[in-house]
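Q: need coordinates for the following:
(chains A, B, C, D, E, F, G and H)
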Amino acid sequence: MIIRLTFAYLLMIMGAFFAIVTVIGLIRFPDVYTRIHAGAVVLTISAVLVCVGSAIYVWDFLLSLKILLVGGFFLFSNPMATHAIAKASYKRGIALPVEKTIDEYSTYLRRDSE
Amino acid sequence: MITGLAIFFTVMSMIAVYRVIKGPTITDRLIAADTIGIFMSLVMLMLALYYDVYLLIDIVLAYAILLFIDILIYAKYFERGELYK
Amino acid sequence: MRQKIYTFLSLMIVWIIFAGKLTWDVFLVGGAASLLVSYFFSDMLFRKMSLDNNVFTHLKKFCLIIAFIPVFFYEAFIAALKVSRYAFSRKLDLNPGIIKVKTHLIDVTAITLLANLITLTPGTLTVDFDKSERCYYIHWLDVETKEEAETRKALLGRFEKWLEVIYH
Amino acid sequence: MLPAVTDNNLVQIMIITGILVTLLTIIYAWKKLKKNKIYFVMLTIIYLVSFIIVIGTDKWIVFLGGWEFVTLTTSLMFAWDDWKLVKQYFLIQFAGSSILLYAVLVIINNGYAEVGIINSTFLQNILIVGLATKSALFGFHFWLPAIYANSSGLVNAISSGWVVKLGYIILLKVIIPEQGNALLFYAGILMLIYGGVKALLEVKLKVLMAYSTLSQLGLIAIGIGSGTVYGYYGAVLHIIIHALTKTGFFINLDDIINKSGTQNIYELAARFNYSLFKIITIFGFSFSLSGVVFLAGFNSKYLIKNSLPGPLLLIIFYLGGLLTFLYTLRLLYWLFIFQGKQKAFLLRLNNYKINFSIDLFINIPILLIILLLGNYPDLLNYWLPALDSFSFPLGSGIGETILYLLVAYLILEKLNWVRTKEKEYLEIDVLFNKIEVLLNKIGKASLKFDTEKIVEHYFLRGIYKLSGKTHDFIYRSFSDQLSWIPLFLALLLAWRYLV
Amino acid sequence: MKKFLVGLLFIGLAFLLLINFAELPEEKLITFSLSDYYIGFGLEQTGALNLVTAILYDYRGFDSLGESTVIFAAVSGIVLILSRKMLPVSSHGLSFIVKRTLGILTPFIALFSLYVITHGHLTPGGGFQGGVILAAISIIFSIVYGSAFDYKRYSPELKTTFETGGALVFIIIGGLGILFDGFFLDNLDFLTHSPGTLISAGSIPLINIGIGFKVGAGLAIVFYSMIQKTFGEEF
Amino acid sequence: MLHHLVFTVLFLLGLYTVIYKNNLIKMVIGLNIMEIAVFFWVIAVSDTGKSVPIYHLNKFAASFNDPVPQALTLTGIIIGASTTALLLTFIIELNKFADTIDSNKLEGLNE
Amino acid sequence: MISISILLLIIIPLVVAFLIPLLDLYNKLLRRYLVIIGGVIEISISIYIIISYFSDLKAGKFFLTYYLGGWGPPFGINLVMDSVSLIFSSLISFALFFIIIYSIGFIGHHEGKYYVLFFLILGAMQGAILTGDMFNLYVFIELLTVTSAPLVAFKRNKHATEAAIKYMFYGVIGGLFFFVGVILLYFNIGSLNMAQLAQHFAEIENNMQLTIISIFLIGLLIKIGIFPFHFWLPKAHSACPSSLSALLSGVLLKVYLYIFIRLFWIVIGFEFLLEFNIASFLVYLALVSSLFGHVFALQASDIKRMLAFSSIGHIGMILAVFLLNTETGFYGGLLHIISHLLMKTGLFLSTGYLLQYTKSNHIDDFAGVGHQNKGIFVGFILLTLSMIGMPPFIGFFSKWYIIMAFLKIQHHFGAIVVVLGSLSAVFYYLRFIAKGYEKIKLSASDLKNEIYNRPILSVFYREKLVTTVIYIFVGMIILTGFSFRLFELPLQEGIKELINPQNYINLILGG
Amino acid sequence: MIYLEYLLLLFLIIAAVMAVYFEDEVISIIFLSVVSVILTTLYLLYQAADVALAEAVIGAGLNTAIYMSAISQIREKSK
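A: Next up, the predicted model:
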């Protein structure tokens, strides 16, 4: 019982830690794409960790599975959403990466447009 | 612990609002809003655990689905400038 | 048909998880609901299955996917720690960039999954996939190298192999 | 005391007169109108029926309803002249109706549930004010000349001959003969003098007749308001006589104007070929109107004169009588006697034709009635029971008449028969114009007033503009409109501190 | 000056609202109020575990009829306003990565919406909420696969049929109430198995299903009409 | 009291937006905020610290929050959503004719 | 007495509305038959109610009720029909039936959606009148807003869309306030049933009562269109197709008035308005609104806008006369509601017919209309005459009673406003009548243009249909004018109810 | 838990003010969906599950879809 709870709390705290990372990344990182890394990707890990933690906390088979389903949904949907946004904002030039960075995608887009 | 986590995630999302307000580009704001959404859904999860009303998890799931659809709508809008094509 | 049956079964499992109990009415209503959904959306969950595969192959695939999850999660966790190192470092020393990585995968689902996995791994983010050249465009938080083989190893790493096994 | 006229009798005699007058008009209308005459006749019949209902009823609601119908039908009669006139006349009359409605309801609420004697000066005054527009009381008479100037004599005959009197008939029923009403009395005096003076100075024939009507209505008002039975009887008699006379007058004048094509009295004489009978008729009517002895007008005027209480008022009354003489004589002069480049009318007189319809069916009966009533006023005894108890001093009347004629002739001679310029504006228009200018200070520069468009301009344009201003003032931007909501919310939520 | 006045007005209004609303009493005047009745007898009378659903579809079922009619009206209105000649449809959608992933997710979302609809009387949710999630699928199709895909798969006629059918189901169930129990929208008690199971609470789940499909189809129509690019129509 | 305060602030914020913002879409957002304020207020005030009004696993004791305001609010939310959709439709339509959604530039709104 | 017929009054239109889209998928021509059948059923239910319960009405105990879901009054929703509701409900059935027939000849495009929304409005109006539950009332009010707004934008031009937006903004805000009011009542009393609320309203704390009254007032005044909130009304009522203007201006406003009456006489109780001195303030507000309505109507050069402004004037008048809270006032107000319903509906319908032949609604285009459509224009004139209060028509009698009510309590301002109102009515109606009879000479291009503008749908039989409906309304105003005592019985019963709300409470709660 | 409520209320107001403050409609709508999330959480906190679900579904999901479709049409036109 105690071990289970401890494990659950541990996972949740890890999730919380990654949440801090997310927020700091979101605030600190210099450009849009790097922020996406922090704000979407680490976030997913964080959310999934918390969900797994909760599942263990609850410890009822079907209910835990349901919570895991929530986590699974995050796992599935979030990267895709991130990808969609990144692609969209790059394509429309809403947010382009900083000049100096390596950018092989722009050549592809340029070729595509020709 | 559960309460603490809920408050923690709330505070985190309140910090993330800074990016939504400040964000130089719309993508920044969107990502931050997504972050807030997921944090808040975690808060909801925590609340479900706190109240021992596990039916509330449905709400988290529903919200997660619709948040995701939202993001896709924004993405479509940014990519094409319209939602029709 | 098989497609529909698989869909129906997986939907049924998820329905039971949703309902949270195992009684006859749940099966009844769940069966009806799953039938309805699989009637409308059966072609979306599993893409056209080749008929020569027998049931066992599919079961194997399923097990592999299940087994793959912890492996992936470990990887993702490690990568997340890497990113958090950047986040907490006093001075940001990033070298972000978008690079092109080729892949051997053919199956659309596999490509999609790989793209998602790449995105999920902190530090990398799939921006686009070029269908003609079969290559990913990946935003890398800290570009270490631009050389083809190196990047492939660094980014795709083990995932590609797993997926190749699953969707051979 | 003399016995008062009962309501029943009054109603009967009025109905008879009304039918008579209307019949005469219908005859003329049948002859004159080119198209849709059957509609006109129908309209007239509806008008007559509703008129009778108005006189006869003792229910206020029926009374008002009937009156509205009279208004409606009479204003529709203007349609044979000009639709614009319908509009103007209807507007004015309806305005009068609205005030009347208000007045009547006030009266009902004070306990007078039925049309009958009202024993309260205040309520009487309210009713008088309510009737003012419809009966062209002084101050509310402005529409009379303006409308008459532009319409045909046919409708004028109906309107001036009978419709305008409706108010006075009601007042006869409402006001107690022994008490009278001061407001009505003084208004009558003002009307008498004012109408006379205006008529004296007027050039346009119709307008002249309109002012003449006004002054005669003043006489009636004096009679009713004086508070003696003499006055009362005089008023009744004068209503009847004036109705007949004016109807005949207008019909004849219309004929003249139609044939000569002008309304200017200075030019009329030159353009019209009078028959003998017409001349006699017009002379007769004019003299009856001014109260020459042996004609009916004299009797009623005599009665009204007898009702006056003091010497000062008597002098004023005489002055009024003189004014009547003055304008009738002037009219006759310019119509018949003025020579100018033409020969005098008597020299030209070689036309003895009798106009079949007009002269035979209209002029002869009226003339007969005038003469009969002038000499045997007791003919009306059945309805006006006390009439034979008055002694009509026909003898002294001769002297009076001669005196009047003499004085009037001398004055007119002295004044060179009052040849005034044709005015471009009616007096009242100038007033309106001033108001208009005042109003326009808010808005645009002043507009010139067109005589024909008096109502059009003042009522419609002025009100239109004013309401437009109000509209623009209230209707601001969308956000201002919406901001009424918090304002009102605040008001209501703070209500307990405010009240 | 105007700004100052507006500020004053709003501050004053805030103050007044606060004062007026703060006087709201803790206790209700009626000792046995509506909510006491519903809480006390809700389960045994309706058989629905979720009291809110019990109120919405049984005690105050007429409200829900009105409410679904509001949605019906809004849909009709929007279609009326936005119905125009269509452009030739071109279907692009988002990248195929998204398409494929969504292909995997969509059946589950649909299943979830059905779950929310059918469990209306047991768990939070019901016809409206589930219906919106159902509509979300159509939204996904329009967004991700392009509207042509949505049009081809689920034609407007199908959606209209679903919408009106759902609304009619509500009324038909209400009419059945007259037949079996004597009153419109009366709970059909013979459908109850035992409280807590899916097949319980009389007609509530049936109404939920009707409303769910109605709302789903209706909102899908709304979204589809609102995003479509159109020519002006001459008439 | 706190709930009343939040309600007041949100409600007036919404009202302010409806009245003084010129962008029509912003005005609709203002309406939404007003609705949100009211619904929030209803739920917040009716919360008595008891349980969700659903008979679930371990809460068979009938100590529930008042379910009536919840039902009413639910209805309100759905009605609000449909009105929002309708309003936005009108705005799309208006933009087609007038090429603007600025209420200052739309003289017709002032009439 | 429990009677299912009053439920059917609400359900039948809804069923028709739901069926129309389904039928459209199958065959579009069947729609018209369905629509007419729906209208006929609706009106026959109304007639059935009147006939079969006439003895009750005569005995003064007319009262029908229906329990939805079988839940008795305090706990479920119940429908109630008493004498006042009977008047309103049957009038609405009557008016809407003829508007439906008119629409068949009038609406040329998007008929399906039009009828859907139209029948929904019909159902919502019946619902709002018959319901005995506060929150249900809110739902129906919102339904009214949502259904009528798209129809306001039906013409699909800039003007109509703006009108719809404005209408929606005001409508939603008004509805929101109404919602807050309902919730406040619930929080204070703990019930939503009107009778029970009425029973307990007096026990609420004084300040709270005032707050509730204020909130409801704002909501309802916005809906009715009283002066500071009338801005949406003329635009909305002038922008939509005429058949709908007739509905909005002629019928819908009365429904809101009915709600106002129901709320402030039965649920809340008029003595509270008196106690807080709000009543007299409201009387003046309504009168000022009436005055403004008439003044604005004077300057309107768009005929439908003018008619809408005149509606503001009349509605303000009716509201004011109700707020006097006297027997004569109720009588005059109810009678004027009936007369205004008939007159305004007829006026808008005939205007719609006349405007078919003009380029726009502007007065300049109105010239010569009277010569083109002689019969209808005469009907138009008769209706306007009734509007300004000419005797044989019903307008005169209702105006008579209204002024009487004002004067009876020495409220001279009110009487003067009414008189001024009908006076200005003469001005603004005559402007258009005179314009209509103006002779115009059309050049060849004008003629071409005119023919182009003439709607194709004015086929012969449809034109006949439209004309017939207008004449029916004209006939009604004359008929009711001569026999306005026809309404004596229900009116007197209704007045009794308004004066003594306790009766209503007892009948519902059975105490 | 009471602190959570305070925080959420504060958050709610901030988000609502921001939704009004920005001129760009898209940002406003992002904030509106944020407001709606917070509201959902608050409803859960107040033990109103059904309302929370409705708010989540409509406020966060449907509203954004509708608003975005409106904006996309409007921007498309003005381009």
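Q: run a quick neighbour tally on the closest residue to residue G:212 other than its chain neighbours.
A: Closest residue to residue G:212 in three dimensions, ignoring its sequence neighbours and counting by Cβ to Cβ, 6 or more residues apart in numbering or on different chains: residue G:184, at 5.0 Å. Using the backbone N, CA and C atoms, a C-beta is placed for each residue, glycine as well. Other residues near residue G:184 come to 22 when the count uses other Cβ atoms under 10 Å in any protein chain shown.
Q: ditto for residue A:69
A: 20.
Q: that one and residue C:16 touch, don't they?
A: No - in terms of Cβ atoms under 8 Å, residue A:69 does not count as a neighbour of residue C:16; the distance is 11.2 Å.
Q: you'd agree residue F:40 is up against residue F:5?
A: No - using Cβ under 8 Å, residue F:40 and residue F:5 do not qualify as a contacting pair, with a distance of 11.7 Å.
Q: of these two, who's got more company?
A: More crowded of residue F:40 and residue F:5, by other Cβ under 10 Å: residue F:40, with 26 against 16.
Q: what average pLDDT does whichever helix or strand residue D:130 is part of get?
A: Secondary structure assigned from DSSP states H and E places residue D:130 in helix D:121-135. The average pLDDT within helix D:121-135 is 84.
Q: what residues of it count as buried?
A: Neighbour-count burial for helix D:121-135, counted by 16 or more other Cβ atoms under 10 Å in any protein chain shown, picks out D:123, D:124, D:126, D:127, D:128, D:129, D:130, D:131, D:132, D:133, D:134, D:135.
Q: and whichever helix or strand comes after it, what does it pack against?
A: Proceeding N to C from helix D:121-135, the next assigned helix or strand is helix D:143-150, under DSSP H and E. Packed against helix D:143-150, as judged by 3 or more Cβ pairs under 8 Å, 6 or more residues apart in numbering or on different chains; DSSP states H and E, are the following elements: helix D:83-109, helix D:205-226, helix D:427-440, helix D:454-455.
Q: the same query, at a cut-off of 10 Å, please.
A: For helix D:143-150, the contact count by 3 or more Cβ pairs under 10 Å, 6 or more residues apart in numbering or on different chains; DSSP states H and E identifies helix D:83-109, helix D:153-158, helix D:182-201, helix D:205-226, helix D:427-440, helix D:454-455 as packing neighbours.
Q: check which helices and strands the first one is in contact with.
A: Using 3+ Cβ pairs under 10 Å, 6+ apart as the contact criterion, the secondary-structure elements in contact with helix D:83-109 are helix D:60-77, helix D:121-135, helix D:143-150, helix D:165-174, helix D:454-455, helix G:374-388, helix G:394-408, helix G:412-436.
Q: most tightly surrounded among these?
A: A comparison of the helices and strands packed on helix D:83-109 by mean neighbour count, using mean count of other Cβ atoms under 10 Å in any protein chain shown, puts helix G:394-408 on top with a mean of 26.
Q: quick one: that helix to helix G:374-388, angle?
A: Taking axes from the mean of the first three to the mean of the last three Cα atoms, to 10 degrees, one finds that helix G:394-408 is oriented at 10 degrees with respect to helix G:374-388.
Q: looking at chain A, which helix is longest?
A: Selection of the longest helix in chain A by residue count, based on DSSP state H, yields helix A:61-91.
Q: count of neighbours near residue B:72?
A: Residues within reach of residue B:72, counting by other Cβ under 10 Å, total 24.
Q: same question, the one 10 residues further on
A: Using other Cβ under 10 Å, the number of residues around residue B:82 comes to 18.
Q: next one: residue D:58
A: A total of 12 residues lie near residue D:58 under the criterion other Cβ under 10 Å.
Q: contacts only, for it.
A: When contacts are counted by Cβ atoms under 10 Å, 6 or more residues apart in numbering or on different chains, residue D:58 is found next to D:7, D:113, D:114, D:115, D:116, D:173.
Q: make a markdown table out of these and add pLDDT, distance to residue E:127 and secondary structure.
A: Listed next are the contacts of residue D:58 as a markdown table, based on pLDDT from 0 to 100; distance: Cβ to Cβ, whole Å; DSSP: H, G, I helix; E, B strand; the rest coil:
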| residue | pLDDT | distance to residue E:127 | secondary structure |
| --- | --- | --- | --- |
| D:7 | 67 | 77 | helix |
| D:113 | 80 | 64 | coil |
| D:114 | 80 | 67 | strand |
| D:115 | 81 | 68 | coil |
| D:116 | 79 | 72 | coil |
| D:173 | 82 | 74 | helix |
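Q: who wins on neighbours among those?
A: Once you tally neighbours by other Cβ under 10 Å, residue D:115 ends up highest among the contacts of residue D:58, having 22 neighbours.
Q: isn't that residue right up against residue D:53?
A: No - at 11.3 Å, residue D:115 does not count as touching residue D:53 under the criterion of Cβ atoms under 10 Å.
Q: need the pLDDT of whichever residue of chain D sits closest to chain B.
A: Distance from chain B to each residue of chain D (Cβ to the nearest Cβ) is smallest for residue D:479, at 26.0 Å. The per-residue pLDDT reported for residue D:479 equals 85.
Q: repeat for residue G:312
A: Confidence score, pLDDT, at residue G:312: 90.
Q: try residue G:320
A: Residue G:320 carries a pLDDT score of 90 in this model.
Q: so it sits against residue G:260, correct?
A: No - look at residue G:320 against residue G:260 with Cβ under 10 Å: they stay out of range, at 11.9 Å.
Q: more neighbours: the two, which one.
A: When residue G:320 and residue G:260 are compared on other Cβ under 10 Å, the one with more neighbours turns out to be residue G:320, at 29 against 21.
Q: which helix or strand contains the residue nearest to that one when sequence neighbours are not counted?
A: The spatially closest residue to residue G:320, leaving aside those adjacent along the chain, is residue G:286, at 3.8 Å (Cβ to Cβ, 6+ apart). Secondary-structure assignment from DSSP H and E places residue G:286 in helix G:278-299.
Q: next, the contact list for residue D:374, please.
A: So, once contact is read as Cβ under 10 Å, 6+ apart, residue D:374 ends up touching D:241, D:284, D:287-288, D:291-300, D:392, D:394, D:397.
Q: return the residues in contact with the residue nearest in space to the middle of chain A.
A: Closest residue to the average C-alpha location of chain A: residue A:41 at 2.5 Å, with Cα atoms, centre = their mean. By Cβ under 10 Å, 6+ apart, the contact set of residue A:41 is A:18, A:22, A:25, A:78-79, A:82, C:76, C:79-80, C:83, C:119-125, C:141.
Q: inside helices: which ones of those residues?
A: Taking DSSP H as the definition of helices, these contribute A:18, A:22, A:25, A:78, A:79, A:82, C:76, C:79, C:80, C:83, C:119, C:120.
Q: any idea how far residue C:138 is from the closest residue to the fifth one other than its chain neighbours?
A: Same thing as residue A:79. Of all residues beyond its chain neighbours, the one nearest residue A:79 is residue C:119 (3.6 Å), with distances taken as Cβ to Cβ, 6+ apart. Plainly put, residue C:119 is 9 Å away from residue C:138 if you go by Cβ to Cβ, to the nearest Å.
Q: give me the common contacts of the two.
A: Taking Cβ under 10 Å, 6+ apart as the contact rule, the neighbours common to residue C:119 and residue C:138 are C:125, C:126, C:127.
Q: out of these, which end up buried?
A: Neighbour counting with 16+ other Cβ under 10 Å marks C:125, C:126, C:127 as buried within the shared contacts of residue C:119 and residue C:138.
Q: where does the second one land on pLDDT?
A: The predicted local confidence for residue C:126 comes out at a pLDDT of 81.
Q: for it, give me its contacts.
A: Residue C:126 makes contact with A:79-80, A:82-83, A:86-87, C:101, C:111-112, C:114-120, C:136-139, C:155, E:95, E:97, according to Cβ under 10 Å, 6+ apart.
Q: just the last one next, same as before
A: Contacts for residue C:127 (Cβ under 10 Å, 6+ apart) come out as A:33, A:36, A:83, A:86-87, A:89-91, A:105, A:108, C:98-99, C:115, C:119, C:136-139, E:95.
Q: so it sits in a strand?
A: Yes - secondary structure of residue C:127 (DSSP: H, G, I helix; E, B strand; the rest coil): part of a strand.
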